[in-house]
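**Student:** Predicted coordinates and the sequence they were generated for:
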Amino acid sequence: MVYIINVIKIDNSSYPLNKENYYDKVSSKKQIVIGHSFTDDMTHYIGWKTRYNGKYKKNSSFTIDVDGKIYQHYNPKYYSDFLNIEGVDEGVIGVTLINKGWLMKNMKTNMFFDYLNRPVLNIDVVNKKWRGHNYWSPYSKEQIESLTKLCRYLSKNYGVELQTLGHNTKTNGVYDYNGIVFRSNYMKEYTDLSPAFDFVEFKNKLKKK
């Protein structure tokens, strides 16, 4: 089923998760936390469904594809181990953007490869040194647009403040922040979201009525 609220379309039937993949307990929400998939398609969802004999819980309520389509995997009133931080995940709504993340470059061929050494073709690679990597897969404008709409919808319905830190670096006060953050705000080990994301544009879009 695809349901439409105002101008946002959410597909909640194409990629559902089972109750074994999240905690079937209603919790109040404080943050929307955004990460990415390290894939260029929905194959991360298959991993969520099959790991730990189908009981893998480190997933998100939503995925946004590169074309801007929004998929809901389970009701965001519940929660998962998206950050894998006890006492924090209960108050989090997780959102995953389809994105391969950091890339490697073969200097002889000038070809790019993902972390599994698979070739990456036909994308405008972002070159910026950050957290031990130099090359990054781009996020699409459609993703930023859909992410903005989704955050507005979740803010209105779940009480998360419509504000964001506006950057991807580790922040000591992130645990107490009420709003929209990124996985990389929590730990230096996380590389999502990457420097390829336009944090300024996203922050400005959230401010617009």
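**Tutor:** That came through fine. What you see is a predicted model, and the numbers here were worked out from it, not measured in a lab.
**Student:** pLDDT below threshold where in this structure?
**Tutor:** Counting by pLDDT under 70, the chain has low-confidence residues at 1-6, 209.
**Student:** Which helix runs longest in it?
**Tutor:** helix 141-158 (DSSP state H).
**Student:** name the helices or strands packed onto that one?
**Tutor:** Judged by 3 or more C-beta pairs under 8 Å, 6 or more residues apart in numbering; DSSP states H and E, helix 141-158 is in contact with strand 8-11, strand 31-36, strand 62-64, strand 92-97, helix 199-207. All C-beta spots, glycine's among them, are computed from the backbone N, C-alpha and C.
**Student:** Can you convert the ones you listed into JSON lines and add a column each for distance to residue 150 and mean neighbour count?
**Tutor:** Converted to JSON lines, the helices and strands packed on helix 141-158 look like this (distance: least, C-beta to C-beta, whole Å; neighbours: other C-beta atoms under 10 Å):
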{"stretch": "strand 8-11", "distance to residue 150": "7", "mean neighbour count": "16"}
{"stretch": "strand 31-36", "distance to residue 150": "8", "mean neighbour count": "25"}
{"stretch": "strand 62-64", "distance to residue 150": "6", "mean neighbour count": "26"}
{"stretch": "strand 92-97", "distance to residue 150": "7", "mean neighbour count": "25"}
{"stretch": "helix 199-207", "distance to residue 150": "11", "mean neighbour count": "15"}
